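*Asks:* predicted model and sequence below, questions to follow.
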2 protein chains.
Amino acid sequence: MLVKADRRIPVEGHLARLGGERMSCSSFNYRKGRQIFGEGEEAKYVYQIISGAVRTYKLLPDGRRQINAFHLPGDLFGFETGDHHRFTSEALVATEVRVATRQTLLELAVSEGRVSSLLALVTLNLRHAENHMLLLGRKNSHERVAEFLLEIDEREAHPNVMTLPMSRRDIADYLGLTVETISRSLSMFRDEQLVRFEDNTQRRLVLLDRRGLAALEASA
Amino acid sequence: MLVKADRRIPVEGHLARLGGERMSCSSFNYRKGRQIFGEGEEAKYVYQIISGAVRTYKLLPDGRRQINAFHLPGDLFGFETGDHHRFTSEALVATEVRVATRQTLLELAVSEGRVSSLLALVTLNLRHAENHMLLLGRKNSHERVAEFLLEIDEREAHPNVMTLPMSRRDIADYLGLTVETISRSLSMFRDEQLVRFEDNTQRRLVLLDRRGLAALEASA
DNA sequence: CGCCCCTTTGAAGCATATCAAACCGCGTGG
DNA sequence: CCACGCGGTTTGATATGCTTCAAAGGGGCG
């Protein structure tokens, strides 16, 4: 699953709830492809997506990339318990974020006994990571792609037409596969009438058979 | 990296430190192979290893297994923020654990303002999971095995002779590979003089060239 | 001491990666 | 508004790393 914020809570309230109402937040805009923070940088700020989408990833020295998570509106990201970011973060599309300082968030959380909110946040991330390890370690390509589609579908609250903010390369680096393999899986799903691409787009698609996809997914 | 407890803190003090000195702990013994708790079961207890070793894993319906972590003496495991275990846990060898109820731990942590200790614990697990996703998604078999050996080496504080409490199958299910591939990697390392097997054992070995292994590892 | 299971090694197969090229949607600029 | 060009995507052909299948070896536990 994607790391997801509780959808019943309005976007505006989430950071405020964590930090207490006194936390000052400013908003900021990033263009498509722009870096929000880098791996190893000091973790000064915490972010919440107002609109747009974000990827966070790790790189190996030779350029291999593992995308850890995609973040969508409402999601909090960039929070570190330690002092440094352990991922790089970039905007997938034009993205507006709300920003608060990590220090303020931490101090307020501690002083107001709201550390359990942080615990809940980290736990949510951990759960996602645990599921993703199973996917990366033991699932085949069709299972991975099916799971990915259902994950996005759930994140977007089962829309009629699903819009993917990320490229095939991003999906590949999230699922531990290559662009070509992603494309082949999606083509197979299309041929099997599991999905349909909207008009002639490559990033807007309809899940025709969620049950069929779930059967392919091989979940636990 | 393995999820690891701070080695400077004696085994006896760790759970007590988290829960406060008033937390009652009893100890329990598990024979090799015995299940400690199962995925989906209610998470009543929290465990700390006194001696021995433990694996935690998820299973797919068809039996594919992903081992999430190995736990060694001093490690805390089985703590859940939610009500249910998300893994199955089994003793790798004869293992003695200290047990405390999760409820007590949670209540004490909250009432005494020690939630941040739980946060630190979950964060440690998250960090390990993040690194492991990179390994599972983007590293080849030699890199995975080299990283695994160095991880155990560090956990055991760089001993002259490293003792593996887990089988090749366990290693394979931890690294997302097969038994045969693990064996071939280890044989290659032996032929390349990177490691040496102690006497004629398969689970006691010496790291002859940690630098060489680190070079193979392709870390970030 | 002996059996069983773990491990190693070899041979063959397969899923996914790699290499290659055509297609096409989209943004740009004329 | 349309032509153009580019990057992203698809599709095909080939390569390869890891798995699967198979069998022998060997260590440790009962």
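*Replies:* Perfect, I can see it now.

*Asks:* which residues of chain A fall in helices?
*Replies:* In chain order, chain A shows helices spanning A:13-19, A:102-111, A:115-138, A:141-155, A:168-175, A:179-191, A:210-217, with DSSP state H as the criterion.

*Asks:* break chain A down into its domains, please.
*Replies:* A:13-129, A:139-217 (automatic domain parsing).

*Asks:* worst mean pLDDT among these?
*Replies:* Of all these, mean pLDDT reaches its minimum on domain A:13-129 (a mean of 89).

*Asks:* switch the helices of chain A over to a markdown table; also include mean neighbour count and distance to residue A:93.
*Replies:* (C-beta placed from N, C-alpha, C; glycine too.) Converted to a markdown table, these look like this (neighbours: other C-beta atoms under 10 Å in any protein chain shown; distance: least, C-beta to C-beta, whole Å):
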| stretch | mean neighbour count | distance to residue A:93 |
| --- | --- | --- |
| helix A:13-19 | 18 | 20 |
| helix A:102-111 | 16 | 25 |
| helix A:115-138 | 21 | 21 |
| helix A:141-155 | 21 | 14 |
| helix A:168-175 | 22 | 11 |
| helix A:179-191 | 16 | 19 |
| helix A:210-217 | 16 | 25 |
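
*Asks:* nearest to chain B, of those?
*Replies:* Using C-beta to the nearest C-beta as the criterion, the shortest distance between chain B and the helices of chain A is 3.4 Å, found for helix A:115-138.

*Asks:* so the closest one, near DNA strand C or not?
*Replies:* No - Helix A:115-138 does not reach DNA strand C (C-beta under 7 Å from any atom of the strand); its nearest approach is 10.4 Å.

*Asks:* is chain B within reach of that helix?
*Replies:* Yes - using C-beta under 8 Å from any C-beta of the partner chain, we find that helix A:115-138 touches chain B at A:115-116, A:118-120, A:122-123, A:125-127, A:129-130, A:132-134, A:136-138.

*Asks:* show me what contacts the residue nearest to residue A:53 when sequence neighbours are not counted?
*Replies:* The spatial neighbour of residue A:53 that comes closest, neighbours along the chain excluded (C-beta to C-beta, 6 or more residues apart in numbering or on different chains), is residue A:165 at 3.8 Å. Neighbour list for residue A:165: A:52-53, A:70, A:72, A:92-93, A:203 [criterion: C-beta atoms under 8 Å, 6 or more residues apart in numbering or on different chains].

*Asks:* ok, of those, which one's closest to DNA strand C?
*Replies:* Compare each of the contacts of residue A:165 with DNA strand C using C-beta to the nearest atom of the strand and the shortest gap goes to residue A:203, at 7.2 Å.

*Asks:* tell me the spacing between the residue most central in space within chain A and residue A:175.
*Replies:* Centre of chain A computed as the mean C-alpha position; nearest residue by C-alpha atoms, centre = their mean is residue A:70, 2.0 Å away. Relative to residue A:175, residue A:70 is positioned 11 Å away (C-beta to C-beta, to the nearest Å).

*Asks:* do the same with residue A:104
*Replies:* Using C-beta to C-beta, one obtains 36 Å as the distance from residue A:104 to residue A:175.

*Asks:* next: residue A:94.
*Replies:* Between residue A:94 and residue A:175 the computed distance is 25 Å (C-beta to C-beta).

*Asks:* what of residue A:144?
*Replies:* 4 Å.

*Asks:* can you list residues touching both of those two?
*Replies:* Taking C-beta under 8 Å, 6+ apart as the contact rule, residue A:144 and residue A:175 both touch residue A:135.

*Asks:* quick one on the thing from earlier: out of the contacts of residue A:165, which is most surrounded?
*Replies:* Comparing the contacts of residue A:165 by number of neighbours (other C-beta atoms under 10 Å in any protein chain shown), residue A:70 comes first, having 24 neighbours.

*Asks:* which strand residues bridge that one?
*Replies:* Taking DSSP bridges as the rule, residue A:70 bridges to residue A:55.

*Asks:* list the contacts for it?
*Replies:* Under the criterion of C-beta under 8 Å, 6+ apart, the neighbours of residue A:70 are A:2, A:53-55, A:92, A:152, A:165-166, A:170, A:174.

*Asks:* wait, residue A:115 touches residue B:119, no?
*Replies:* Yes - the pair residue A:115 and residue B:119 passes the contact test of C-beta atoms under 8 Å, sitting 6.0 Å apart.

*Asks:* next one: the residue at the greatest distance from the centre of chain A from residue A:83, what distance?
*Replies:* Distance from the centre of chain A peaks at residue A:111, with 29.7 Å (C-alpha atoms, centre = their mean). Residue A:111 sits 20 Å away from residue A:83 when distances are taken as C-beta to C-beta.

*Asks:* residue A:196 too?
*Replies:* With the distance defined as C-beta to C-beta, residue A:196 ends up 47 Å from residue A:83.

*Asks:* the more surrounded of these two?
*Replies:* Each of residue A:196 and residue A:83 had its neighbours counted (other C-beta under 10 Å), and the higher figure belongs to residue A:196 (14 against 10).

*Asks:* nearest residue to the more buried one other than its sequence neighbours?
*Replies:* Spatial nearest neighbour of residue A:196, chain neighbours left out: residue A:206 (4.7 Å); criterion: C-beta to C-beta, 6+ apart.

*Asks:* now the one you found: how far from residue B:123?
*Replies:* When distance is defined by C-beta to C-beta, residue A:206 is 39 Å away from residue B:123.

*Asks:* what of residue A:188?
*Replies:* In this structure, residue A:188 and residue B:123 are separated by 39 Å, where distance is defined by C-beta to C-beta.

*Asks:* likewise residue A:141?
*Replies:* In this structure, residue A:141 lies at 32 Å from residue B:123, with C-beta to C-beta as the measure.

*Asks:* same question, residue A:193
*Replies:* With distances taken as C-beta to C-beta, residue A:193 is found 44 Å from residue B:123.

*Asks:* cool, and residue A:195?
*Replies:* Residue A:195 sits at a distance of 37 Å from residue B:123 (criterion: C-beta to C-beta).

*Asks:* next one: residue A:48
*Replies:* Distance from residue A:48 to residue B:123, by C-beta to C-beta: 19 Å.

*Asks:* count the residues that sit near residue A:41.
*Replies:* 14.
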